[in-house]
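Q: sequence first, then the predicted structure:
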Amino acid sequence: MEIKNILSVKVSEGVTSCFNGEIAADDVQIQETRKDFEGDITVVVFPFTRYSRRSPEETGKILGDYLKKNVDAVEDFNVVKGFLNIVISSEYWLEVLADIEDTENYGYSEPGAASKTIMIEYSSPNTNKPLHLGHIRNNFLGWSVAEILKANGHRVIKTNLVNDRGIHICKSMVAWKEFSGGSTPESTGMKGDHFVGDYYVKFDKEYKRQVRELVEKENLGEEDAKNRAPIMQEAQEMLRAWEAGDKETVELWRRMNAWVLEGFDETYKVLGIDFDKVYFESQTYKKGKELILKGLEKGVLYRKESGSIWADLTGDGLDHKLLLRDDGTSVYMTQDIGTAYMRFEEFPMDEEIYVVGNEQNYHFQVLALICRKLGFEWADKIKHLSYGMVELPDGKMKSREGTVVDADNLVKEMVDTARTISRELGKLEGYTDEEAEEVYRKIALGALKYFILKVDPKKTILFNPKESIDFNGNTGPFIQYTYTRIRSVLRKANEEGTNTDKFDWDIKSAVSLKEREIIRSLARFPEVVKEAGANYSPALIANYVYDLAKEFNQFYHDFSILREEDAGLKTIRLGLTAVCGRVISQGMRMLGVEMPERM
RNA sequence: GGUCCCAUAGUUCAAUGGAUAGAACGAAAGUUUCCUAAACUUUAAAUCCGUGUUCGAUUCACGGUGGGACUACCA
């Protein structure tokens, strides 16, 4: 059992035996001792003063004596104000270290240990343009949260709902027919998603030109002109044809979607993202309608005179929400209700997490409410993992204004930067070009992933392309670098004849302050993983790993491990180095960051 | 108008209601007989405003101010 748990139980007992008070072990406040104070673990004693009827200092002393007598691991204690600082014995810390070393996949629970089945939907792109920086945040976040939940022992199903139908793809199709002259990604050598995206842009340009022309030449109002622009009418016509199953249209739709999806697959591969199951909206968008009609029968929903069906949410402080149009067709919300229903039918899930940007907070608020109204017992199992926008130094990204940062380009540029910096420093001499390129790729992706994941999901990220790939400070490359140094130390120790596979911890000598601090951090790792899983927050893991890496660097600077005369201390320090390396790489694994052996 | 989110050093990010609010970048000064100086050590620098809850508030509640998102018979 962990020391914190042992202490909280003992403190609870102590309060009863010393002060005749009742306090549940879970309510005992235990935290790590701040660095400026002596001790390892601190108990907050303020809450006990109402039982002890003494000053916080006295209360702390009495409790401290009790713990020293009754817990082996407690070596000493001191009381500052209302804080009881406990010193844990070196023997205990060494045991902890040995335990961590023995635990395969430290920080990870056994698969199935937590026994929840969780579906996580992320990415969910439209098939009319390539992925950009906003999608990158979504993809990294979804993938990492899935890994963290797995580490917590849950069964996780990663899904992607591809928005492959609708007016947006029709726009690209119209433009392609009009302007391409039959060219294809193969004939132009372009990546499929970029190829199709270009036609989406061409559509928009032509559309704007036509609207302007109508306004000027025919004196139409802006709204009228927008509706009457021939190219837009063509797109709408195409959507109708598609829904009617027109052979030629469906054929073109298939062809263009295939180009885009091929491009996406390539990008996903580069980003290190994958899915267990991919849904296509074209296959699911019609469901949901019958659920709405049933809701109408039950009287949970209502029908307007014109024929449309609505939910009245004014009782919940919200508005009225449309669910079926006058013509009986469904809207986005209806589709989402349908797909959620299908999924809960298909899998016995305990949770379904949607990784979707915060511009859809309202949508998910409404979704949960309506599902509850419709009487689905799974309504409360829906979770929206909402994340903030990614902004650039000069403002927001807008696809129409061309101020988006393209995902493929960004990765390429970051690899270039990594290569340039690395070459200047001459760090990879002796590596073949191929090996070196692999390292540059790991650095670039590590930088990008870490940069995005270290920020609390719900906060807006300010992305500065120039500063993003920093090799110092709280960055991915800094952590990777620390790891490679650790590997290098171990290599050297091996060369000198020390077996670093397994350490002998049977040493009596005291562990120094700095070492204790690191062991304490290491011991905390499983807790952090648990907390990150509960909050869907890779940021917790990221900041933990950074702290550990930094602590290790400081520790390492103070001691010359390999020159240490005392064989016992040398073993501890080398062992600590090895364990740190393992925990750092475990943490980064949950973020999807790969670790090079050298850099 | 309504719903939701955000506000911390010059900048980018931290802090289960706990001690003197942590880091990093940038700025100023230093450290290479030792693992890889992509490191380490110093210094200066911040909780938007007000009220409340209590032993104790960056954190919780209420009210402001500032910023953002949403509020389509679009997806």
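A: Noted; the coordinates are in hand.

Q: pLDDT score for residue A:390?
A: For residue A:390, the pLDDT comes out at 89.

Q: beta partners of it?
A: residue A:461 (DSSP bridges).

Q: now chain A against RNA strand B: closest residue?
A: The nearest approach of chain A to RNA strand B comes at residue A:473, 1.8 Å away (CB to the nearest atom of the strand). To be clear about C-beta, it is placed using only N, CA and C from the backbone, and glycine gets the same treatment.

Q: so that residue, which state does it fall into?
A: Judged by DSSP: H, G, I helix; E, B strand; the rest coil, the three-state class of residue A:473 is coil.

Q: again with residue A:458
A: Assigned with three-state DSSP, residue A:458 falls in the coil class.

Q: so what's it up against?
A: For residue A:458, the contact set (CB atoms under 8 Å, 6 or more residues apart in numbering) comprises A:358, A:386, A:387, A:388.

Q: for the last one, which non-adjacent residue is spatially closest?
A: By the measure of CB to CB, 6 or more residues apart in numbering, the closest residue to residue A:388 outside its immediate chain neighbours is residue A:460, 4.0 Å from it.

Q: now do the contacts for that neighbour.
A: A:388, A:389, A:390, A:391.

Q: pull out whichever of these are also neighbours of RNA strand B.
A: Subset of the contacts of residue A:460 in contact with RNA strand B: A:388, A:389, counting by CB under 7 Å from any atom of the strand.

Q: so which of the contacts of residue A:460 is the most crowded?
A: Greatest neighbour count in these, by other CB atoms under 10 Å, goes to residue A:390: 23 neighbours.

Q: surely it and residue A:133 touch.
A: Yes: if you go by CB atoms under 8 Å, residue A:390 and residue A:133 touch, sitting 5.0 Å apart.

Q: return the closest of the contacts of residue A:460 with respect to residue A:330.
A: For the contacts of residue A:460, the minimum distance to residue A:330 (CB to CB) is 28.2 Å, reached by residue A:389.

Q: and the nearest residue to that closest one once chain neighbours are set aside, how far from residue A:190?
A: Distance criterion CB to CB, 6+ apart; nearest residue to residue A:389, sequence neighbours excluded, is residue A:460 at 5.3 Å. Noted for residue A:460: a distance of 33 Å to residue A:190, by CB to CB, to the nearest Å.

Q: which residues of the stretch 1-150 of chain A fall in strands?
A: Under the criterion DSSP state E, counting those that start in this stretch, strands of the stretch 1-150 of chain A are mapped to A:30-32, A:41-44, A:74-80, A:83-88, A:117-121.

Q: reformat these as TSV; add mean neighbour count, distance to residue A:269 and mean pLDDT.
A: Output for those, formatted as TSV (neighbours: other CB atoms under 10 Å; distance: least, CB to CB, whole Å; pLDDT from 0 to 100):
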stretch	mean neighbour count	distance to residue A:269	mean pLDDT
strand A:30-32	14	41	91
strand A:41-44	22	46	94
strand A:74-80	18	53	93
strand A:83-88	23	47	94
strand A:117-121	22	19	96
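
Q: out of those strands, nearest to residue A:436?
A: strand A:117-121 (35.2 Å).

Q: name the residues that touch the closest one?
A: The contact list for strand A:117-121 (CB under 8 Å, 6+ apart) reads A:142, A:145-146, A:149, A:154-161, A:343, A:347-355, A:385.

Q: same check on stretch A:338-351?
A: Residues external to stretch A:338-351 that are found in contact with it (CB under 8 Å, 6+ apart): A:116-119, A:157, A:161, A:279, A:284-289, A:291, A:330, A:352, A:367, A:371, A:376, A:378, A:381-383.

Q: mind checking which of those are buried?
A: Buried residues within the contacts of stretch A:338-351, defined by neighbour count using 16 or more other CB atoms under 10 Å: A:116-119, A:157, A:161, A:279, A:284-285, A:287-289, A:291, A:330, A:352, A:367, A:371, A:376, A:378, A:381-383.

Q: if we check RNA strand B, which of these are in contact?
A: When contact is defined as CB under 7 Å from any atom of the strand, the buried ones among the contacts of stretch A:338-351 meet RNA strand B at residue A:285.

Q: out of the buried ones among the contacts of stretch A:338-351, which are inside helices?
A: In this view, these that belong to helices under DSSP state H are A:284, A:289, A:291, A:367, A:371.

Q: pick the one among those closest to residue A:205.
A: Closest to residue A:205, out of all of those and judged by CB to CB, is residue A:284, at 32.4 Å.

Q: leaving out chain neighbours, which residue sits closest to that closest one?
A: Among residues not flanking residue A:284 along the chain, residue A:339 sits closest, at 5.0 Å (CB to CB, 6+ apart).

Q: what parts of the stretch 451-599 of chain A come near RNA strand B?
A: So the stretch 451-599 of chain A meets RNA strand B at A:454-456, A:458-462, A:467, A:470-475, A:477-478, A:481, A:484-485, A:488-489, A:492, A:539-540, A:543, A:546, A:550, A:553-554, A:556-557, A:560-563, A:598-599 (CB under 7 Å from any atom of the strand).

Q: what subset of the residues you listed is buried?
A: A:454-455, A:461, A:471, A:474-475, A:477-478, A:481, A:484-485, A:489, A:539-540, A:543, A:546, A:556, A:561, A:599.

Q: residue A:238 against residue A:249, yeah?
A: Yes: using CB under 8 Å, residue A:238 is in contact with residue A:249, at 6.0 Å.

Q: per-residue pLDDT, the most centrally placed residue in chain A?
A: Nearest to the mean C-alpha position of chain A, by CA atoms, centre = their mean, lies residue A:141 at 2.7 Å. The model reports residue A:141 with a pLDDT of 97.

Q: of the contacts of residue A:460, just say which sits nearest to residue A:232.
A: Distances from residue A:232 to those, taken as CB to CB, are shortest for residue A:389 (28.0 Å).

Q: may I have the phi/psi pair for the closest one?
A: For residue A:389, the backbone dihedrals (degrees, to the nearest 10) come out as phi -70, psi 160.

Q: hey, C-alpha coordinates of the helix or strand containing residue A:342 in CSV?
A: Assigned by DSSP states H and E, residue A:342 belongs to helix A:332-346. Included here for helix A:332-346 are C-alpha records, laid out as CSV according to Å, rounded to 0.1, in the frame of the first residue of the first chain:
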residue,chain,number,x,y,z
TYR,A,332,-27.2,17.6,-37.6
MET,A,333,-28.8,17.2,-34.1
THR,A,334,-31.1,14.5,-35.3
GLN,A,335,-28.2,12.6,-36.9
ASP,A,336,-26.2,12.8,-33.7
ILE,A,337,-29.1,11.4,-31.7
GLY,A,338,-29.3,8.6,-34.2
THR,A,339,-25.7,7.6,-34.2
ALA,A,340,-25.4,7.8,-30.4
TYR,A,341,-28.5,5.5,-30.2
MET,A,342,-26.9,3.0,-32.7
ARG,A,343,-23.6,2.9,-30.9
PHE,A,344,-25.2,2.3,-27.5
GLU,A,345,-27.2,-0.5,-29.1
GLU,A,346,-24.0,-2.0,-30.7
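
Q: quick one: average pLDDT of that helix?
A: Averaging pLDDT along helix A:332-346 gives 92.

Q: strand A:117-121 and that one, what's the angle between them?
A: Interaxial angle, helix A:332-346 versus strand A:117-121 (axes from the mean of the first three to the mean of the last three CA atoms, to 10 degrees): 150 degrees.
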